[in-house]
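In: Coordinates only, no sequence provided:
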């Protein structure tokens, strides 16, 4: 037994980033993940760089600890195979539009008919009770709809842009993880399976509005929407004599320490901009501009030494290469090398959480397209002759 979800089987009908990120975490925690792919495979397989076709870097980092089976769900035999697999599973998770699942006759009622205990999780774009229910959704679209590019513009960017990470996909993927695990907890207590909806727009809007309801928290409003501190144009890494540094003086003690450090105790004592949290928040642009001017007076290393000695939170601004090579991440084994059977030596991350009793099992690399098809179908009750017939009909594909 290894991993807190050991013994659970998840049928994974997800593609690209959001769903695969969620199911990879479930796999890291010990669940058996059966990744069901269309004959062409997950689109992310083809995002380079890559050593071998269909094994792009994004796919490798989103699909470890999974078994791959190819099924053409548009063919009746493919749908039947999916239902036979789901009949023995604990969870089915998908991120295509719910309308497409209904057209395939793989809605909740169809799957629950063969497995009433199934946890059926749809990670979709929008809540299915609203006017956007049938719209397509991708990370860029949801970032735009939830206001992120506008917030960047408001905080000083020269033009609106997306956060340069698949932020919405991964945040909503985490929502899907807790949806699965809490639904399983309910089933453990009651024996009941259920359908769970995880809509991207709502999940992202909950996060953004939690910061930025601002004065519109109240009815009638007490002011405009927005959280002034995080929208401040100077809320960014500060330039030093030779680079950049990330600093956050937040409480009174840290601000007093900073003014002692620069030899200006009088400012905290006498200047109303600095001597309370409320005043600093009200005049945050002036406060940040003052700090920015001070940071230009020393080198990054000198600032880091002085700020850490004064117990003021600070760090160097990292590049992505710095993150990959970070001594803490490598020292804890979080970033590590592993051997993949077809792709050779890969640098990857481990599970982010630590468990005293049920640690995750050693990782296995992302699968080749259809690599485990025969194994999965045999477990669902198919004979070798039946598997061969499915392959001959193009319902499944078996790797050489």
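Out: Okay, I see it. Computed from a predicted structure; not experimentally measured.
In: Can you tell me the element the residue nearest to the spatial centre of the chain falls in?
Out: Geometric centre of the chain, nearest residue: residue 170, 2.0 Å, by CA atoms, centre = their mean. Assigned by DSSP states H and E, residue 170 belongs to helix 167-190.
In: OK, contacts around the residue nearest to the centre of the chain?
Out: Residues counted as contacts of residue 170 (CB atoms under 8 Å, 6 or more residues apart in numbering) are 17-18, 21. (Glycine included, C-beta is placed from N, CA and C.)
In: run the last query once more with 6 Å
Out: residue 21 (CB atoms under 6 Å, 6 or more residues apart in numbering).
In: Repeat that for residue 356.
Out: Here residue 356 is in contact with no residue (CB under 6 Å, 6+ apart).
In: Give me the pLDDT for it.
Out: Listed pLDDT for residue 356 reads 92.
In: Kindly report the same for the one 5 residues further on.
Out: pLDDT recorded at residue 361 is 79.
In: What about the spatially closest residue to it that is not a sequence neighbour, how many residues nearby?
Out: Spatial nearest neighbour of residue 361, excluding adjacent residues (CB to CB, 6 or more residues apart in numbering): residue 2 at 3.8 Å. Applying other CB atoms under 10 Å, we find 13 residues neighbouring residue 2.
In: Please apply the same query to residue 7.
Out: 10.
In: Now do the SS call for it.
Out: Look at residue 7: counting by DSSP: H, G, I helix; E, B strand; the rest coil, its state is coil.
In: now swap in the one 4 residues further on and tell me
Out: Three-state call for residue 11 (three-state DSSP): strand.
In: Let me know the pLDDT of it.
Out: 98.
In: Then residue 210?
Out: Residue 210 is given a pLDDT of 96.
In: Point me to the helix or strand that includes it.
Out: According to DSSP H and E, residue 210 maps onto helix 200-212.
In: try residue 198
Out: Using DSSP H and E, residue 198 sits in strand 194-199.
In: give me the low-pLDDT residue ranges for the protein?
Out: 1 (pLDDT under 70).
In: Pull the residues that contact stretch 131-146.
Out: The contact list for stretch 131-146 (CB under 6 Å, 6+ apart) reads 99, 125-126, 162, 166, 168-169, 200-201, 204-205, 208.
In: what do you get if the cut-off is 7 Å, keeping everything else the same?
Out: With CB atoms under 7 Å, 6 or more residues apart in numbering as the test, stretch 131-146 has contacts from 17, 97, 99, 125-126, 149, 162-163, 166-169, 200-201, 204-205, 208.
In: a strand runs through residue 73, doesn't it?
Out: No: per three-state DSSP, residue 73 lies outside any strand segment and is coil.
In: quick one, what contacts it?
Out: Residues in contact with residue 73 (CB under 7 Å, 6+ apart) are 79, 82, 104, 106.
In: Next, give me the two most distant ones among those residues.
Out: 82 and 104 (8.6 Å; CB to CB).
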